[in-house]
Structures are given as C-alpha cells and as structure tokens.
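Trainee: Got a predicted model here, sequence first, then my questions.
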Amino acid sequence: MPALRVKICGTTNLPDALLSLDAGADAIGLIFAPISKRLVSVETARQISVAVGPALGRVGVFLDQPLSEVLRTAERARVSAVQIHGPVSSLYLQTLERYYPVLRVVRPADLQQFSQATPGHTLMLDAPTPGSGKALDWQALRPVFPAGGWLAGGLGPENVAEAIRALHPAGVDAVSRLERSPGVKDPLRVRAFVQAARQAHHTLEYPINESYPQ
Ligand SMILES: O=C(O)c1ccccc1NCC(=O)[C@H](O)[C@H](O)COP(=O)(O)O
C-alpha cells in the first residue's frame, strides 16, 4: 500500500517544525503568501530548513505570486517542494516543475479541468479559501477525487480518519484545527492529527477504485 503523506501547514517557528518532525509528519508548510496570518519570513524559513535538514520536507506555499518571486523565495528558504494556490498558466507550472516538486491546489469547482496528477505535479484539493478550516464534502467528491491526490480543508484530529476512509488520499494537509492561535501550533492536536491519519490509513483496504496508482 502506498504510504500516506502528512503535511502540517503554517509553520512559523523552529520549535513547531521540530514538533511536527517528532510527531511523525512528513512535511511542514512554510507560507509565503503575504495575505496569510501564518506568514513566515524567508530568513526564519531558511533557518528552519537548515535545522531540520533532510528529515522533514519543507513545502513553500504561494498564492497569486509571480514565478520569479516563487523561485527566488524557494531557493533562499531552501524548501524541498512548492505549493501553488490560485490560477497560473501551464508555462508557469512547467517551469516550476523543472526545479521543485509541485503541489497544485485546486478547488472542488475547478476539478473537472484536472483529470489526475502528473509526475512532479501533485493535485491537492482544498476549500476555496485556504487556511479557513472549512471542510469539503468528501462524499460528494468520491467519484471525482483525483488518483494520487492530496486532501486539505478543515481537517483535524476528529475528522481526518473519516476523510481518509471516504477518499483514500495520498496525502493530507491541515493548519487551522492544529493551532492555539494563527501561526502557533497546539502540540496535542498536531500529534493527535498525525496519529489519527496514520491509523486510518493503515486500516484501509486498497484499491478504493480502479484508478489508484500502483
Ligand atoms: O493557511 C493560510 O493562511 C494560507 C494562506 C494563503 C495560502 C495558503 C494558506 N494555507 C495553505 C494550506 O496548505 C492549508 O493547510 C490548507 O489551506 C488547509 O487549511 P485548513 O482548512 O485551515 O486546515
């Protein structure tokens, strides 16, 4: 069975990065979108990246930002992948994919434009407003959820198992429901989230449908 990837988004400081690592997460999200309440500076992100080293993936998160800014920030912050929100051109994505693995965020309403993830380009389904803690309708998504896709949107320790059982995502991502306040993690909830996700994944029987990648 393919391993489940667990990403803890909105990390703004080193202790929280180390918490995610210790909790068993695969990756953290470092948000560089200026509108975010979890904005991290490039310098802090770089210090986190260097400190955690290869043990933890660092995903640079961007929203409606020019390609040149994404590439420059990603390089300076030493991220290992990038996550792209908002409408971007194919050329933008193709260029980015030459440098970094890309998590391409899509909203349910836009899903019909994207059939499935491609190598170096993984789809992540999220609520229309990122970081809002709003859950998606997992049952409605069952027939259209992309093979190999990741899931975000209102996930937390209480509901991640149900979401995994409904959609068999390849990865899960969360922020709002794992915080004490924006940008500050709640250690118990981070640990409970990773544990609940891993447990639910272990009890799944694959394949959910014929389209899951082998
Ligand atoms: O979380 C933010 O503040 C944010 C702002 C701008 C762009 C992206 C942002 N978050 C990206 C994430 O990966 C979140 O984890 C994802 O949207 C799920 O958030 P939540 O529903 O709060 O768990």
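Mentor: Right, received. Where do you want to start? Numbering: from 1, shown residues only.
Trainee: Show me what from this structure comes close to the ligand.
Mentor: Counting by CB under 6 Å from any ligand atom, the chain comes close to the ligand at 9-10, 29, 31, 33, 35-38, 61, 63, 85, 126-127, 130-134, 152-155, 173-177. Any C-beta I mention is one placed from the backbone N, CA and C, and that applies to glycine too.
Trainee: for this structure, which residue is closest to the average position?
Mentor: With distances taken as CA atoms, centre = their mean, Asp173 lies nearest the centre of the chain, 4.2 Å away.
Trainee: count of residues packed around Gly153?
Mentor: 27 (other CB atoms under 10 Å).
Trainee: So what's the residue count around the residue lying closest to it once chain neighbours are set aside?
Mentor: Ranked by CB to CB, 6 or more residues apart in numbering and with sequence neighbours excluded, the top spatial neighbour of Gly153 is Ala127, at 3.9 Å. A count of nearby residues for Ala127, using other CB under 10 Å, gives 17.
Trainee: can you map out the helices along this structure?
Mentor: Applying DSSP state H to the chain gives helices spanning 14-23, 42-52, 67-77, 90-97, 138-141, 160-167, 187-202.
Trainee: Show the contacting residues for Val70.
Mentor: Listed by CB atoms under 8 Å, 6 or more residues apart in numbering, the contact partners of Val70 are Gly60, Phe62, Val82, Ile84, Leu96.
Trainee: With Val61 instead?
Mentor: Cys9, Gly29, Leu30, Ile31, Phe32, Ala33, Ser36, Val82, Gln83, His85.
Trainee: Which two among those residues are spaced furthest apart?
Mentor: Farthest-apart pair in those is Ser36 and Val82; separation 14.9 Å (CB to CB).
Trainee: Mind checking which of the two has more residues around it?
Mentor: Val82 (24 against 19).
Trainee: I'd say the more buried one and Arg104 touch.
Mentor: No. Applying CB atoms under 8 Å, one finds Val82 not in contact with Arg104, separated by 9.6 Å.
Trainee: returning to that earlier point: list the contacts of the residue nearest to Gly153.
Mentor: With CB under 8 Å, 6+ apart, Ala127 has these contacts: Arg107, Lys134, Ala135, Leu136, Ala152, Gly153, Gly154.
Trainee: For the protein, give me the ranges with low pLDDT.
Mentor: The model of the chain has pLDDT under 70 over residues 114-120, 206-214.
Trainee: Excluding residues flanking it in the chain, which one is nearest the residue of the chain found nearest the ligand?
Mentor: Of the chain, the residue with the smallest distance to the ligand, taken as CB to the nearest ligand atom, is Gly131 at 2.1 Å. Nearest non-adjacent residue to Gly131, counting by CB to CB, 6+ apart: Val175, 5.4 Å away.
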